[in-house]
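A.B. asks: all I have is the shape, not the residue letters:
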């Protein structure tokens, strides 16, 4: 395949330089006599291409491996649809296409690599079985196709693995072993069992057969949308972007391959800076499928050659992307599957507006409880959930003024909590914590403006007047108009306080009021 493609390229160069038409028989590569001019061109191209071919041949995964894998697994996987997203296109301004590979049998692209690796086992290896350390989609894909092919499959998981993943693997016929408290403990034990029982260890993202199987996703994309301009690929261990990048770049080199990973687990970015895979400290992220401490060495050697740029996205953008896919595409995906859309929503790809971009929805295995929390976080990030605190008089009807205003502006109260004990105020005041749902960020702003106009923002406590990541704190400065006013001290004779302003800060923990603030107020009252 390489030889034929090379000869066709040389023939095209000779025809172009000689200025003769392809229709003339004498210009065919095998029958064209080599002049000195043609010989110099041939030698120049040979030297340049020899170096490039040598670099490609040194890679653990070749385009030919992906082509063979595409043919090998064609009957065992689903050719998932690639659809144009009209709703997301209108909302973001990008021409977005979504590859729905979370529609595989086990809800993830991981089936492709697992099946390709299983089909290459010898009869003795099939009899001995396979083993892998995984607590996610790779375990499910290996268990499903191992059971379908009659290959004994063992999956080692840490004890803290989700119960749903454990039960799913057992239901698919896999032998699940719980060992250790971390994934590294489980992996070491799996390697040990592999040596002792002569089972084949199938790595989830660094096995060349697994990388080649993942690359079949790129071949499907090129077949379904040949004129694409860019593809955004989530990065965990880098196996997916290595395979997809190889397939896409070989068929259309000018397509931009963009990687995206969570900022809390940017192992590929760290590897690019160091020039080799390095281990990084991890933090919990919504994209748990991308939470890998160190990318694979095979995957990295391939991916760094075919990846044009790598982006990191925040937890806020991941949560918002999951929410957008649920609402706009009626599609439920996990955090890893929504990473591509998170990169679009982050605003880091403004240069691609108007171009055809493919988003890989590569996984849809998200726990129901996690999905509920993610949706709430997404709504808060979208300005549709606001949280605030208000101090109202602790009398019957004291809360009526606040709830009346919220009802008039169309805000829905989702949660409300009274705090009486931990207050540094008079005994007639109660603190009310509220979570309110609004239509959008503009509606939330109008709700806050109405509350401010109604006098719910306290004039003498600007330190309590803030917005932090969707949180708003304000204090009612007076009681309802129908109730008698309560005063605890004579009015101050100093000049009236200035009108407070609402300060917007970055999503970080709110700064507590200065310790001397209450003392200053006491001095004013005493004066």
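C.D. replies: Structure's in. What do you need? In this text the structure is predicted, and so the values were computed from the model without any measurement.

A.B. asks: list of residues touching the helix or strand containing residue 118?
C.D. replies: Using DSSP states H and E, residue 118 falls within helix 110-119. By Cβ atoms under 8 Å, 6 or more residues apart in numbering, the residues outside helix 110-119 that reach it are 69, 72-73, 76-77, 104-105, 130, 136-138, 140-142, 144-146, 149, 151, 202, 204-205, 207, 209-214, 216-217, 239, 243, 363. Where you see a C-beta, it was placed from the backbone N, CA and C, and this is true even at glycine.

A.B. asks: contacts only, for residue 188.
C.D. replies: So residue 188 contacts residue 180 (Cβ under 8 Å, 6+ apart).

A.B. asks: buried residues, the helix or strand it falls within. List them.
C.D. replies: Element membership for residue 188 (DSSP H and E) is helix 183-197. Residues of helix 183-197 classed as buried by neighbour count (16 or more other Cβ atoms under 10 Å): 183, 186, 187, 189, 190, 193, 194.

A.B. asks: what's the nearest residue to the last one if we skip its chain neighbours?
C.D. replies: Which is residue 194. residue 201 (4.3 Å; Cβ to Cβ, 6 or more residues apart in numbering).

A.B. asks: partners of that neighbour in the sheet?
C.D. replies: residue 131 (DSSP bridges).

A.B. asks: let me know the pLDDT of it.
C.D. replies: What the model reports for residue 201 is a pLDDT of 96.

A.B. asks: burial check on it, number of neighbours?
C.D. replies: By other Cβ atoms under 10 Å, 16 other residues sit near residue 201.

A.B. asks: and residue 292, that's in a helix?
C.D. replies: No. Residue 292: not assigned to a helix; according to DSSP: H, G, I helix; E, B strand; the rest coil it is coil.

A.B. asks: just checking, it touches residue 267?
C.D. replies: Yes. Between residue 292 and residue 267 there is a contact at 5.4 Å, judged by Cβ atoms under 8 Å.

A.B. asks: and the helix or strand just after the helix holding residue 118, which residues are buried?
C.D. replies: Using DSSP H and E, the helix or strand that directly follows helix 110-119 along the chain is helix 123-128. Neighbour-count burial for helix 123-128, counted by 16+ other Cβ under 10 Å, picks out 126, 128.

A.B. asks: contacting residues around helix 123-128?
C.D. replies: Contact with helix 123-128 is made by 149, 150, 151, 152, 197, 198, 199, 200, as judged by Cβ under 8 Å, 6+ apart.

A.B. asks: ok, the closest residue to residue 79 other than its chain neighbours to residue 100 distance?
C.D. replies: With sequence-adjacent residues excluded and distances taken as Cβ to Cβ, 6+ apart, residue 79 is closest to residue 220, at 6.2 Å. With distances taken as Cβ to Cβ, to the nearest Å, residue 220 is found 11 Å from residue 100.

A.B. asks: list residues touching both of those two?
C.D. replies: Shared contacts of residue 220 and residue 100, counting by Cβ under 8 Å, 6+ apart, come down to 80, 82.

A.B. asks: quick one: contacts for the most centrally placed residue in the chain?
C.D. replies: Centroid-nearest residue in the chain, with Cα atoms, centre = their mean: residue 339, separated by 2.3 Å. Listed by Cβ under 8 Å, 6+ apart, the contact set of residue 339 reads 232, 234, 260, 261, 262, 287, 290, 313, 318, 321.

A.B. asks: output the residues you listed as a markdown table; include the columns pLDDT, neighbour count and secondary structure.
C.D. replies: Listed next are the contacts of residue 339 as a markdown table, based on pLDDT from 0 to 100; neighbours: other Cβ atoms under 10 Å; DSSP: H, G, I helix; E, B strand; the rest coil:
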| residue | pLDDT | neighbour count | secondary structure |
| --- | --- | --- | --- |
| 232 | 97 | 24 | strand |
| 234 | 97 | 28 | strand |
| 260 | 98 | 31 | strand |
| 261 | 96 | 30 | strand |
| 262 | 95 | 29 | strand |
| 287 | 89 | 27 | coil |
| 290 | 91 | 28 | helix |
| 313 | 96 | 29 | strand |
| 318 | 94 | 32 | helix |
| 321 | 94 | 30 | helix |
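
A.B. asks: neighbours of residue 448, just the number please.
C.D. replies: Number of residues near residue 448 (other Cβ under 10 Å) recorded here: 22.

A.B. asks: returning to what we had before: what touches both of residue 292 and residue 267?
C.D. replies: Shared contacts of residue 292 and residue 267, counting by Cβ under 8 Å, 6+ apart, come down to residue 237.

A.B. asks: would you map the helices across the stretch 151-300 of the chain?
C.D. replies: With DSSP state H, counting those that start in this stretch applied, the stretch 151-300 of the chain shows helices at 163-171, 183-197, 208-224, 239-251, 267-274, 297-306, listed in chain order.
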